[in-house]
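Enquirer: what follows is a predicted structure for the sequence shown.
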Amino acid sequence: MVRLTDGDDDESPADSDSILESQLNRRNYLKLGALAASTALSAGVASAASGPEERFGIQWDRVVNAVDDLGMDPNGNEPIDNQLDSAYESGTLIEFPPGEYLATETQYWNDDVSRFGMVGTGSSHKDVQFVFPSGNNGEKYRFLEITSGDHHVLKNFSIQQTDDSTTTADIWMINDDGGLIEDVEWLGRTPTDNDARRQLLAYDCSSVDGVNVARRVYMREGSEIPGYPDGVAGIRVQGGSVGEIRLVDCHIEQRGSSSFRATHTRGVLRVEGGLFKNNDNTNMRISAGDHPEKTSWIKGATVIMDADNLNEHAHDGDSLDSPEGLRIDSTGNGYAGVLIEDCDFIFKSCPTSRGVVSSPTWGGHGGFTLRNCRIQNDTSVQTIHADSIDTDTADKPWGVNLENVSITGSARSQPSGAAVCIDNDRNGSTVQNSCIHFPNGDVDGVLVNDATSCEIVDSNINVSGQATVFSGADVDTSNITSGDSCPLPSADGSTGGDSSSTDSTTDSTTDSTTDSTTDSTTDSTTDSTTEPLPNEIRLVGTGTTTQYEFTVTDSLQASGGTIEEWDDIESGTATGWITTEGVEDAYTFSGDVDSFSFLEGESEVYVNGEQVTESTVTDATTDSSTDSSTDGSTDSTTDSTTDSTTDLSHELRLVGTGTQTQYEFTVSEALEASGDTIEQWDTIDGTSASGWITTEGVEDTFDFAGSVTSFGFVEGEAEIYVDGEQVTESTVTDATTDSSTTDSTDSSTDSTTDSTDSQNELRLVGTGVETQYDVAVSGTLEASGDTVEQWDDVSESSATGWVTTEGVEDAYTFTGTITSLSFLQGEAEVYVNGTRVDPAVFSLPNTLVVEGDGTETTYDFMVSGDILNDPLVGPTESADSLTNGKAQGSVTDDVDAFRFSGDIKKMDLVGDAALTFEDNDG
């Protein structure tokens with residue numbers, strides 16, 4: 001595809017009309033013309049349609065009238081579904097005269113169509129409205145699902161949701177390049193996600209070099225506001241998007257969730273202008289993306305939060321729950337470098353919120369830049385919070401850069417104590433040429449905690465508290481004044497007047513490393529390799545500031561990295577704070593919970609996965625833990641030595657992957673521990689065993705006779721090996737049956753055929769993040785066991801579902817290949833036939849297989865796009881490598897297989913292996 005920009009993040013926002021007109025180069029035009037020549041509308045329509053015409057910078061083969069040529073009903077009485085589907089082909093522009101058009105069925109379009117348009121001819125985009133059955137017949141209705149092709153135009157019409165709180169329709173459009181959604185509005189009230197999908201517009205770009213534009217998209221007539229996570233977002237750019245999505249001059253207001261979200265896109269989102277007002281959860285949610293040449297940015301946009309003054313479309317009782325201004329968040333992907341420039345943020349009234357601008361630790365994002373922005377904060381919400389960096393996840397640089405940023409307002413306090421809070425490991429952060437004016441209450445200017453190589457220079461900090469506060473930080477300061485006024489934002493995005501100020505003395509300091517806090521360390525730190533104790537307690541925030549305290553009868557330790565510096569563990573007692581909705585503090589312990597209380601506020605409490613109350617938490621482990629520990633210790637010492645003459649000829653090994661995992665299994669004859677791999681929290685009871693394993697590479701090993709009759713992960717997941725062969729949770733019981741050894745010599749024959757014709761297993765494992773997935777296969781698909789809940793939707797060859805809790809999974813068996821897998825929200829771990837895979841592989845259209853013939857063959861090839869191992873054939877060996885579009889390795893009597901995008905640029909094959917490939921993207 002054609003490159004449209006040079007990827008310079010400082011480029012001025014180009015006019016999107018020019019972008020679209022430049023996208024149809026000669027190569028694409030010839031390709032599209034050939035495709036159009038091979039297809040045609042029905043004879044009647046073709047004769048009525050006009051000839052080739054150019055509109056919107058695109059050459060159309062035919063322009064047809066929806067009413068006169070296609071026979072659609074403009075009065076909203078008869079469905080248009082069949083006529084619309086029949087007209088969908090390359091080179092066709094459908095013009096809709098003013099009227100109402102009834103759609104009752106989803107249009108599923110995945111035919112690689114190029115140059116298709118639906119355009120209203122009215123003087124206003126409200127003159128043409130698509131309408132739907134009231135309540136969508138009880139379905140979460142999708143109007144258009146366009147998952148391939150390029151240069152699709154949706155323009156000058158509206159989606160009528162009505163005001164009944166159940167009727168809605170969303171659109172999902174994926175284009176390689178040249179997509180345009182312009183002057184389109186969602187009218188009426190948007191329901192909750194009980195009656196609607198998670199967003200109104202899902203918009204993706206499937207080519208790295210592609211650019212798709214949404215200009216003047218409006219969503220402003222209100223919605224149900226149930227609080228996170230049940231609200232419906234405006235626009236979502238998903239993980240499968242690898243190119244550029246550009247939003248231009250959009251107005252999104254009073255959504256039940258984020259106005260737009262692009263947190264785990266592998267491409268970029270670029271936002272030009274627009275108004276984002278009074279949206280719950282977040283008004284803007286973005287990451288830098290992972291594009292090889294571009295970075296996401298937002299330029300010239302305005303955010304307004306005035307929760308006390310919702311617009312005229314609000315219903316009685318509507319209120320925002322926890323709205324933020326801008327959240328910089330990569331959903332744990334570690335992206336870094338997003339730019340926010342020339343934007344205005346106005347917070348007049350707001351309930352509980354993370355902040356006007358925030359980058360939470362759990363979002364896993366690296367550094368970001370605010371440049372030439374103006375922030376007015378008249379609330380007690382934190383103004384800017386760059387939370388502690390996740391150094392294991394986030395890409396560098398980690399620092400936050402404020403360049404020519406103005407912060408004003410009547411706020412009297414800040415949650416962190418300062419207008420700007422820069423937290424742990426945000427090394428290299430800078431504040432320069434900026435202005436902070438908070439004259440009321442007791443508000444400090446800039447707080448820096450435990451970060452190095454930071455700088456505050458050439459800035460005016462006129463606040464009621466201290467200009468700068470540093471705790472364990474290395475910060476250089478120079479030319480700090482406190483007597484100048486600061487520019488105010490305005491609702492139209494232009495610079496307003498100045499804030500008033502009172503002159504005071506100049507403050508200039510250097511190398512201030514004073515620690516203003518007391519380091520309160522306890523024995524709460526534990527070795528990262530410590531195995532979990534047998535019981536778990538989790539406290540999950542509900543959005544209310546909460547302090548808790550509890551004591552256990554035996555041992556207690558923190559679980560994972562959930563415990564912050566203000567939480568305390570001493571002996572068997574823990575005290576801590578939790579506030580943010582969905583964020584949790586987790587502990588593992590042995591014995592029972594002896595006492596538990598909330599000193600302030602409240603949160604959800606879970607013991608061993610079951611939700612309990614403050615009054616019943618102490619009963620949650622009584623009896624069950626006592627019985628299991630007593631019986632387990634007695635039986636394990638007795639039964640494991642019984643019948644020592646039994647031939648324990650099989651071995652079962654469970655190898656930790658870094659995820660806290662509890663397992664249990666039973667064998668048919670005899671079972672005992674192998675070596676000293678079993679710890680005190682693991683038990684053997686006759687022919688059954690249960691235990692815990694977490695640390696990557698650490699293993700629990702058992703010898704047994706007979707076969708494995710049952711196996712399950714109670715929590716988490718680990719690698720499983722039976723007699724040295726890796727198996728999956730669903731196939732471990734087959735590993736020692738007679739059939740498993742039959743025809744073993746044929747295992748390498750026709751492996752590529754067997755992988756698609758036989759049953760395969762797909763598992764999606766929760767990571768603690770609320771996640772919605774969508775998967776489709778070329779054969780059949782069915783749920784495995786009872787892992788799929790009532791909110792998951794499974795058809796013959798596809799499934800849509802939710803998975804959230806860490807270690808809990810949705811599992812499926814399927815035939816054929818996985819044709820698509822995407823996360824509509826959040827992320828989860830993906831396993832195919834027991835091997836963890838990158839879900840991005842399923843968006844790669846082409847395949848290449850190297851099949852050995854018994855003698856060694858080496859290969860070295862390079863593609864123009866991305867390349868990943870094909871999980872349906874099996875993992876490559878450790879000596880094989882995949883980097884930057886290149887694959888190198890060797891085969892002897894095995895098979896290496898890959899999926900890739902783009903074209904093969906280089907191929908070296910030395911040996912007699914068979915090479916096959918399929919080019920599915922032209």
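Expert: Arrived safely. Numbers count the residues shown, from 1 in each chain.

Enquirer: where does the stretch 801-922 of the chain have low pLDDT?
Expert: Applying pLDDT under 70 to the stretch 801-922 of the chain flags residues 874-879, 907, 917, 919, 921-922.

Enquirer: again but with the stretch 301-450 of the chain, I slipped
Expert: Ranges of the stretch 301-450 of the chain meeting pLDDT under 70: none found.

Enquirer: which stretches of the stretch 651-800 of the chain form helices?
Expert: For the stretch 651-800 of the chain, the helices defined by DSSP state H, counting those that start in this stretch cover 751-757.

Enquirer: the closest residue to residue 411 other than its chain neighbours - how many residues pack around it?
Expert: Distances taken as CB to CB, 6 or more residues apart in numbering place residue 377 nearest to residue 411, at 5.1 Å, with adjacent residues excluded. Where C-beta positions appear, they are placed from N, C-alpha and C, glycine not excepted. Residue 377 has 28 neighbouring residues, counting by other CB atoms under 10 Å.

Enquirer: do I have it right that residue 377 meets residue 356?
Expert: Yes - the pair residue 377 and residue 356 qualifies as a contact (CB atoms under 8 Å) at a distance of 5.7 Å.

Enquirer: any common contacting residues for these two?
Expert: Here residue 377 and residue 356 share the contacting residues 345, 347, 383, scored by CB atoms under 8 Å, 6 or more residues apart in numbering.

Enquirer: top of those residues by neighbour count?
Expert: Going by other CB under 10 Å, residue 383 tops the shared contacts of residue 377 and residue 356 with 29 neighbours.

Enquirer: any regions of the stretch 451-600 of the chain where pLDDT drops low?
Expert: Applying pLDDT under 70 to the stretch 451-600 of the chain flags residues 484, 490-531, 565-566.

Enquirer: how about 80 then?
Expert: Applying pLDDT under 80 to the stretch 451-600 of the chain flags the ranges 483-485, 490-532, 543-545, 560-567, 571, 579-582.

Enquirer: how about the strands of it, start to end?
Expert: Ranges of strands within the stretch 451-600 of the chain are 454-463, 468-471, 475-481, 487-489, 495-498, 535-540, 546-552, 556-558, 568-570, 573-578, 584-589, 593-600, based on DSSP state E, counting those that start in this stretch.

Enquirer: dump those to JSON lines, plus distance to residue 280 and mean neighbour count.
Expert: Below are those laid out as JSON lines (distance: least, CB to CB, whole Å; neighbours: other CB atoms under 10 Å):
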{"stretch": "strand 454-463", "distance to residue 280": "30", "mean neighbour count": "22"}
{"stretch": "strand 468-471", "distance to residue 280": "32", "mean neighbour count": "22"}
{"stretch": "strand 475-481", "distance to residue 280": "36", "mean neighbour count": "18"}
{"stretch": "strand 487-489", "distance to residue 280": "22", "mean neighbour count": "20"}
{"stretch": "strand 495-498", "distance to residue 280": "27", "mean neighbour count": "14"}
{"stretch": "strand 535-540", "distance to residue 280": "19", "mean neighbour count": "22"}
{"stretch": "strand 546-552", "distance to residue 280": "21", "mean neighbour count": "20"}
{"stretch": "strand 556-558", "distance to residue 280": "32", "mean neighbour count": "21"}
{"stretch": "strand 568-570", "distance to residue 280": "33", "mean neighbour count": "16"}
{"stretch": "strand 573-578", "distance to residue 280": "21", "mean neighbour count": "20"}
{"stretch": "strand 584-589", "distance to residue 280": "21", "mean neighbour count": "23"}
{"stretch": "strand 593-600", "distance to residue 280": "25", "mean neighbour count": "15"}
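
Enquirer: okay, those in CSV with distance to residue 329 next?
Expert: Converted to CSV, those look like this (distance: least, CB to CB, whole Å):
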stretch, distance to residue 329
strand 454-463, 22
strand 468-471, 25
strand 475-481, 26
strand 487-489, 23
strand 495-498, 28
strand 535-540, 19
strand 546-552, 23
strand 556-558, 24
strand 568-570, 28
strand 573-578, 19
strand 584-589, 17
strand 593-600, 28
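
Enquirer: where are the low-confidence patches of the stretch 51-200 of the chain?
Expert: Low-confidence segments of the stretch 51-200 of the chain, defined by pLDDT under 80: 51.

Enquirer: let me see the ranges of the strands in it.
Expert: Counting by DSSP E, counting those that start in this stretch, the strands of the stretch 51-200 of the chain are 53-55, 58-60, 62-65, 75-79, 92-96, 99-102, 107-109, 114-120, 128-131, 142-146, 150-160, 170-175, 180-187, 199-205.

Enquirer: tell me which of those strands sits most buried.
Expert: Ranked by mean neighbour count, the strands of the stretch 51-200 of the chain are led by strand 199-205 with a mean of 27 (mean count of other CB atoms under 10 Å).

Enquirer: what pairs with that strand, and is each one parallel or antiparallel?
Expert: Using DSSP bridges, the strands paired with strand 199-205 are strand 170-175 (parallel), strand 233-236 (parallel).

Enquirer: rewinding a little: quick one, which of the strands of the stretch 51-200 of the chain is nearest to residue 313?
Expert: Among the strands of the stretch 51-200 of the chain, strand 180-187 comes nearest to residue 313, with 10.0 Å by CB to CB.

Enquirer: now do that closest one: everything it contacts.
Expert: By CB under 8 Å, 6+ apart, strand 180-187 touches 16, 20, 56, 125-126, 129, 151-161, 171, 173, 200-201, 203, 212-221.

Enquirer: OK, contacts around the residue nearest to residue 775 when sequence neighbours are not counted?
Expert: Leaving aside its chain neighbours, residue 775 sits nearest to residue 821 (4.6 Å; criterion: CB to CB, 6+ apart). Neighbouring residues of residue 821 by CB under 8 Å, 6+ apart: 773, 774, 775, 776, 830, 839, 842, 843.

Enquirer: any idea how far residue 821 is from residue 427?
Expert: 36 Å (CB to CB, to the nearest Å).

Enquirer: re earlier: any idea how far the residue nearest to residue 775 is from residue 774?
Expert: 7 Å.

Enquirer: just residue 613 next, same as before
Expert: To residue 774, residue 613 is 36 Å away according to CB to CB.

Enquirer: more crowded one of the two?
Expert: The residue with more neighbours, out of residue 613 and residue 774, is residue 774; 18 against 12, by other CB under 10 Å.

Enquirer: beta partners for the more buried one?
Expert: Bridge pairing for residue 774 - DSSP bridges - gives residue 800, residue 822.

Enquirer: thought it was touching residue 825?
Expert: No - checked against CB under 8 Å, the pair residue 774 and residue 825 is beyond contact range at 10.3 Å.

Enquirer: what lines up beside whichever strand or helix holds residue 420 in the sheet?
Expert: In this structure, residue 420 is located in strand 418-422 according to DSSP states H and E. Pairing partners of strand 418-422, with direction, according to DSSP bridges: strand 384-386 (parallel), strand 444-449 (parallel).

Enquirer: just say which of the ones you listed is most tucked in.
Expert: Buried most deeply of these, by mean count of other CB under 10 Å, is strand 384-386, with a mean of 28.

Enquirer: strands of the stretch 701-850 of the chain, start to end?
Expert: With DSSP E, counting those that start in this stretch, the ranges of strands along the stretch 701-850 of the chain come out as 708-715, 719-722, 725-727, 760-765, 771-777, 781-783, 793-794, 798-803, 809-814, 818-825, 829-832, 835-837, 846-851.

Enquirer: which residues touch stretch 599-613?
Expert: Contacts for stretch 599-613 (CB under 8 Å, 6+ apart): 535-542, 544-549, 575, 578-579, 593, 596, 614, 617, 619-621, 715, 805.
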